[in-house]
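In: here are the coordinates; sequence isn't available:
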């Protein structure tokens, strides 16, 4: 899920507000199958955002359904030709799930319990929760309990710096900064090299 800061909208024009009458400029955009009402300075969370982005990246949304400048309203059929909404990518994250909220509700006690179990060597992972997810591909997911995932991340924080530097450059699975887009670009490069050996 991406957190987006909307910084500008086009082709909206600033209208001089009438006396004693508050005006609000806004647009309605569509992205990831959902609609969002946005105004200059808004920070919203978008569920699905194509591609990989980093903080500060400029994002342009061209599926603009409606624009209102406080006086006039333009409605698209379904989109407004030539209209765009510009935004800045702030961060990527996920909404907190119920198990996360429960763990954080008594965070210090839960962390101390885990520490005690680890130090005294009787920590045991809880059974996995298994469920079917369709998005749209049907997959069987087995998920660890949140307290066990805290342990997983603690282990990764120690082991990742040690082992990551031993991996080859083109190993992409679960590595920071090496997602699907990186893998695709490397694949395309190797295809070009295979077709044109002189590129080596």
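Out: All right, it came through fine. Model, not experiment: these values are computed from the prediction.

In: in the protein, which helix is the longest?
Out: As far as residue count goes, and with DSSP state H defining each element, the longest helix of the chain is helix 146-164.

In: to the chain's geometric centre, what's the distance from that one?
Out: The offset between the C-alpha centroid of helix 146-164 and the centroid of the whole chain comes to 21 Å, using CA atoms, centre = their mean, to the nearest Å.

In: the helix or strand that it is followed by - what's its average pLDDT?
Out: Sequence-wise, the next helix or strand downstream of helix 146-164 (DSSP states H and E) is helix 180-195. Mean pLDDT, helix 180-195: 89.

In: what about residue 171, neighbour count?
Out: By the criterion of other CB atoms under 10 Å, residue 171 has 12 neighbours. No exception for glycine: its C-beta is placed from N, CA and C like everyone else's.

In: state the distance from it to residue 159.
Out: Noted for residue 171: a distance of 15 Å to residue 159, by CB to CB, to the nearest Å.

In: again, but for residue 177
Out: For residue 177, the distance to residue 159 (CB to CB) stands at 18 Å.

In: then residue 115?
Out: In this view, residue 115 and residue 159 are 19 Å apart by CB to CB.

In: swap in residue 128?
Out: Relative to residue 159, residue 128 is positioned 21 Å away (CB to CB).

In: wait, doesn't residue 141 sit right on residue 130?
Out: Yes - if you go by CB atoms under 8 Å, residue 141 and residue 130 touch, sitting 6.9 Å apart.

In: find residues that contact each of the two.
Out: Contact criterion CB atoms under 8 Å, 6 or more residues apart in numbering; residues shared by residue 141 and residue 130: none found.

In: verify the stated contact: residue 62 with residue 87.
Out: No - taking CB under 8 Å as the contact criterion, residue 62 and residue 87 are not neighbours in contact, 11.9 Å apart.
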